[in-house]
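[1] build me a model:
(one chain, ligands or ions: 1)
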Amino acid sequence: MKQSAQYPNLFSAIRIGNFEAPNRICHVPTDISSANADGSVNQRVITYHEEIAKGGCGFIIVGASTPDRKTGRPTVGCIAVDEDPMIMGLAELAEAMHRHGAMTSVQIQHPGRQAAWPRKDLISASDMVVDIPGSAGHEVVYAQGHAHGKSIRAMTIEEIYDLVEKFAEGAWRVQQAGFDSVELHGAHGYLISQFMSPYVNKRNDRFGGSFLGRMRFPLEIIESIKFKCGRDFPIGIRYSAEEFIEGGRHLEESVKVAKLFEEHGVAFLDVSAGIFELPGPTMDPMYYPQGWNTYTSEEIKKHVTIPVITSHTLRDPDYCERIIARGQADMVGLSRQLIADPYWGAKARSGKKEEIRKCISCLVGCWQESLMIKRHMRCAINPAVGDERFLHISRASRELSVAIVGGGPAGMEAARIATLRGHRVTIFEKTNELGGAVLLCCTVSGKNKMRWYADWIRQQIAKMGVEVRYGHVPEPSELSGYDAVLVAVGGSIVRPGIPGIESKRVCTFEDVLRCALKKCEYYPKEGKPEPVEVGDTVLIWGDHFGAADAAEKLGVDGKKVYIVTENRAFASWLEPCNKDVMDKRFKGGNGEGLTGRTFAHPVTIIPSSTVLSIASDGEVTLVDNTFRRSTLKVDNVVLATVQADDSLYRRYLAAGLIAGRIGDARKVRNLRGAVTDGAGIGLTLDGDLQLNANSAVVSNLPTEVQL
Ligand SMILES: Cc1cc2nc3c(=O)[nH]c(=O)nc-3n(C[C@H](O)[C@H](O)[C@H](O)COP(=O)(O)O)c2cc1C
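    The predicted structure follows:
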């Protein structure tokens, strides 16, 4: 690989305890919840981490592993280090990463009150039942925990010492497996942090009561590991420098914590943020700007000599180089960035930073649609996570010509994978710009990370030489020369036939969100509709991404916004960490640690209701689920309900084309749904293409039914 002089600091070695990491890139622990049900390591776990090592990450800390499955698994698919037979799989995992030059660690984490399993009789520092909006544990089951019989109890002294021993035994197994170090999870409101936090720890025995009392649990664990594994075996600790909760720990105390850990022989500090009562700073959804947490490592580093890792929304190698160069941290920690693109380090080092698929912090694939609902981890924009078929994309047995109608995320991802497999692809895009629904989010303050994905995928399409025909939706007759046609035209906005729907006051969320950025690097050569102007008071009608995005855009623009939804609550489909911040912004505030512009007026949600009519003077009549009517005077009504649109697909099928339907044209979902559809069909296109009895596009059916 070409050596790059561009990032001299990022690619310099660093000593951590008794080993040297080859560069400053650290994979901060990420529980991918993909181990076997008994917690043993499997090929899925190995492949995930091996790709990251291949991609040039210098120090990989494997995500949360439980020291005691019986009392707490952080996720149902976490790794376990609580029995000797686990050592074998762990050893294979360490070997797979070492093969590619990475140094390694495993994080040991007892979730305490935040266990995904078991569900009852959870242990903690204190008796304190909490509803945790964002934890990977069990909020789906345990929203309003008390009512559902959830119990969390303070551990006895005996139990504490028993668990201290289990942590040490777990660390010993990690060491036996050949890992270079171990990390303790003292962040995010899990068990160690429950003891460390002045907000959670209400004990008045020797494990609470004072700063040193709260620190006794981690210090006992550290001492016990040193006794069991030898004083030379490096121990790191992750903890939240700021908990952002009233009564919680702040940076000032976190400096004291750092000094105490260094005095007790800790080899590295992994400085994180937050506690799960307030999930924003812990998981930083889209709203959090790059490097927002680095001020904490910068301060802590002034007071210790051991390596300090900073993390949270680090995406760009130039930015990361500056962190190291300025001495704000010794290593940069990446979690979701390496989910979205495990080859970040290799791309940066070889001068291909524009090839990096930057994580957009949506938390949909890695959190909402996986860990939270007890499934293996996935990624909205990287289909290879959890699906090894995409790691070894082979050429198709026959080169096909493929027409893709619709240049949104589903269409572009299908084009990307199909082209990689050697097919000739033409995208027909009705507007004069690729991007589809993704472009709309780019215009929303706090969500412009979507632009990163839009830029990346559009650049891939351009680089691969995919033919794009703009401003045209092809008739079936124009497509007869193609082997396959993929319909990716997205959904359509519903226009209910109520009185007043044709009024000039009515527009759609697309009209409001249109990107008017003249400076956008993909701004089409000619013609781009401007966003519509709306008045000061706006009613958004619907419960879709478009509704949430329009509310955010208009809220920041200083409009008074009402949202009418037929559902009991608005945006219950939204990823909870993102929703937590959005809800706070709707109320006129901001997420914890965020300093961005707030809305001039709080957003009013009108649940369980619908619109009956829109009068010419802007008076809107609403009806709720008890048939009670009310009126509201607004300047504009923004339609924001989307439905799948299969009309074009049906026309193509009727014309005898081999046609598939992907993205919102098939079913209205999110970006992950679109990208997964596109990637999947791109991989399906091959040799003997046909429609099966479900009218699904399939290839190489192992039967004699080929047409
Ligand atoms: C799917 C997922 C699993 C995570 N698992 C862990 C974990 O096991 N231990 C931990 O300390 N943090 C965990 N985190 C938090 C990340 O390490 C990281 O602090 C956070 O995602 C913000 O950094 P990022 O922007 O680099 O992702 C997890 C995050 C995600 C999204």
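
[2] quick one: contacts for whatever residue of the stretch 351-500 of the chain ends up closest to the ligand?
    Nearest to the ligand, among the residues of the stretch 351-500 of the chain, is C366, at 3.9 Å (Cβ to the nearest ligand atom). Any C-beta I mention is one placed from the backbone N, CA and C, and that applies to glycine too. C366 is in contact with 30, 336, 339, 377-380, 385, counting by Cβ atoms under 8 Å, 6 or more residues apart in numbering.

[3] of those residues, which is the nearest to G56?
    When the contacts of C366 are ranked by distance to G56 (Cβ to Cβ), I339 comes first, at 15.6 Å.

[4] residue nearest the middle of the chain, spatially speaking?
    Nearest to the geometric centre of the chain sits L363, at 2.3 Å (Cα atoms, centre = their mean).

[5] would you check that it makes contact with N578?
    Yes. Between L363 and N578 there is a contact under Cβ atoms under 8 Å: 6.3 Å.

[6] now name the helix or strand holding the nearest residue to K358 once chain neighbours are set aside.
    Nearest-residue entry for K358: W452, 4.1 Å, with adjacent residues in sequence omitted and distances by Cβ to Cβ, 6 or more residues apart in numbering. Element membership for W452 (DSSP states H and E) is helix 450-464.

[7] tell me the helices and strands packed up against the helix or strand just after that helix.
    Next along the chain after helix 450-464, taking DSSP H and E as the criterion, comes strand 467-470. If contacts are counted by 3 or more Cβ pairs under 8 Å, 6 or more residues apart in numbering; DSSP states H and E, strand 467-470 sits against strand 424-429.

[8] the same query, at a cut-off of 10 Å, please.
    strand 401-405, helix 409-420, strand 424-429, helix 450-464 (3 or more Cβ pairs under 10 Å, 6 or more residues apart in numbering; DSSP states H and E).

[9] can you list contacts of it?
    Here strand 467-470 makes contact (Cβ atoms under 10 Å, 6 or more residues apart in numbering) with 403-405, 407, 412, 415, 424-434, 458, 461-462, 478, 524-525.

[10] return the set of buried residues in that strand.
    468-469 (16 or more other Cβ atoms under 10 Å).

[11] mind listing what that strand pairs with, with the direction of each?
    According to DSSP bridges, strand 467-470 has the following sheet partners: strand 424-429 (parallel).

[12] tell me how many other residues crowd E533.
    10 (other Cβ atoms under 10 Å).

[13] make 669 the first number, not 1, from now on.
    OK, 669 is where the count begins now, so the last one is E1201.

[14] hmm, back to that, contact partners for the residue nearest to K1026?
    So W1120 contacts 983-984, 1008, 1024-1029, 1049, 1110 (Cβ under 10 Å, 6+ apart).

[15] from those, which land in helices?
    Of the contacts of W1120, the ones assigned to helices by DSSP state H are A1008.

[16] and the contacts of W1120 as a markdown table, adding distance to the ligand and neighbour count?
    Formatted as a markdown table, these follow (distance: Cβ to the nearest ligand atom, whole Å; neighbours: other Cβ atoms under 10 Å):
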| residue | distance to the ligand | neighbour count |
| --- | --- | --- |
| R983 | 8 | 21 |
| D984 | 12 | 17 |
| A1008 | 9 | 26 |
| I1024 | 13 | 21 |
| R1025 | 14 | 20 |
| K1026 | 11 | 21 |
| C1027 | 7 | 27 |
| I1028 | 10 | 26 |
| S1029 | 6 | 27 |
| I1049 | 13 | 25 |
| C1110 | 19 | 21 |
